[in-house]
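Model the following, please.
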Amino acid sequence: MVAANGIYKLAVLGTSQGQQHIHTLHFRSTVDPDGLLMSEDAWQAALVALWQGTPRTAFRNLFQASESPVQSYQVRKVCGAVPLPAGLDVAESVGNQNGTQGLPEGDALAPWLAQVVTLRSALAGRRYRGRSFIGGLREENVLISTITGARTTRMTAYADALRTVFVTPADADIEAKLFVFSRLLANGDPTRVPPVLPVACQDAGANVTTLQVRDQLATMKSRKQGSGI
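This is a model prediction of the structure:
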């Protein structure tokens, strides 16, 4: 059975601009009665199924139809009672792998350029904030260093879909809540001054409360391992 307050990482794997594109999100298991009765395999499959609703539709619309940003999924439990269970690897159906943006938007930009969605919680501090970098940008999506309104509108639709499915519902009404996860808080670091002591999984971050779409061009090279998403 799945215990409440475990932390899971969902990775959406695909290709964009000829390069591998990986979109990752973290989730906390809740006290939802249905979820608590599931096996680990069933819960992880249910998490994928939740993302495959309106979030998948909006995410695919960020990419051109010639790209395949949703080819497969990986789910891993990254914090919880040890030994951690085996993860889930599942392929997306062929008909749902490609982007759905059919309007021409020019040539592809460099694959490391991205639009950022900032994920905030009710707690202050950078350990309780996350950033999600999403690529697939084209020439007509950007004016100098500003991402155009059309692309930002589509990104906002994806953020809204995540909010509706994984943020707004109460814990008792959904199996998983979108979560900002800090590996530093979970694992601790005794070499720091002062030392960082490990904390319980549910305290190694916080539930996401706000998703803010940025319209400034960013680079995935600025992503730091372990800094939220």
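
how close does Ile134 sit to Ala65?
17 Å (CB to CB, to the nearest Å). C-beta here means a position set from N, CA and C on the backbone, and glycine is covered the same way.

Compare the two (neighbour count), which wins?
Ile134 (22 against 12; other CB atoms under 10 Å).

Return the residues in contact with the more buried one.
Counting by CB atoms under 8 Å, 6 or more residues apart in numbering, Ile134 makes contact with His23, Phe59, Leu62, Ala114, Gln115, Val116, Val117, Met155, Tyr158.

Can you tell me who it pairs with across the strands?
With DSSP bridges as the criterion, Ile134 is bridged to Gln115.

can you give me how far the worst-scoring helix or strand of the chain on mean pLDDT is from the chain middle?
Of all helical and strand segments in the chain, the minimum by mean pLDDT, DSSP states H and E falls on helix 33-36, at a mean of 86. Distance, stretch centre to chain centre, for helix 33-36: 22 Å (CA atoms, centre = their mean, to the nearest Å).

again with stretch 161-170
The answer for stretch 161-170 is 13 Å, by CA atoms, centre = their mean.

Now do it: distance from first to last residue.
Chord length of stretch 161-170, first to last residue, is 16 Å (CA to CA, to the nearest Å).

What residues sit buried inside it?
Judged by neighbour count (16 or more other CB atoms under 10 Å), stretch 161-170 contains these buried residues: Ala161, Leu162, Arg163, Val165, Phe166, Val167.

any idea which element the spatially most central residue of the chain lies in?
Residue closest to the average C-alpha location in the chain (CA atoms, centre = their mean): Leu25, at 2.4 Å. For Leu25, the host element (DSSP states H and E) is strand 19-29.

Packing partners of that strand?
strand 7-16, helix 40-51, strand 68-79, strand 129-134, strand 176-181 (3 or more CB pairs under 8 Å, 6 or more residues apart in numbering; DSSP states H and E).

partner strands of the third one, parallel or antiparallel?
Meaning strand 68-79. Under the rule (DSSP bridges), strand 68-79 has strand 7-16 (antiparallel), strand 88-91 (antiparallel) as partners.

And those strands: which comes nearest Pro194?
For Pro194, the closest of the strands paired with strand 68-79 is strand 7-16, at 24.4 Å, according to CB to CB.

what distance separates the closest one from the centre of its chain?
Computed by CA atoms, centre = their mean, the chain-centroid distance of strand 7-16 equals 7 Å.

and stretch 71-89, which residues are buried?
By neighbour count on 16+ other CB under 10 Å, the buried set for stretch 71-89 is Gln71, Tyr73, Gln74, Val75, Arg76, Lys77, Val78, Cys79, Gly80, Pro85, Gly87, Leu88.

nearest to Val142, of those residues?
Gln71 (25.5 Å).

Provide a list of residue ranges in the chain with pLDDT below threshold.
221-229 (pLDDT under 70).

change it to 90
Counting by pLDDT under 90, the chain shows low-confidence ranges at 1, 3, 17-18, 32-36, 102-105, 110-112, 126-127, 219-229.
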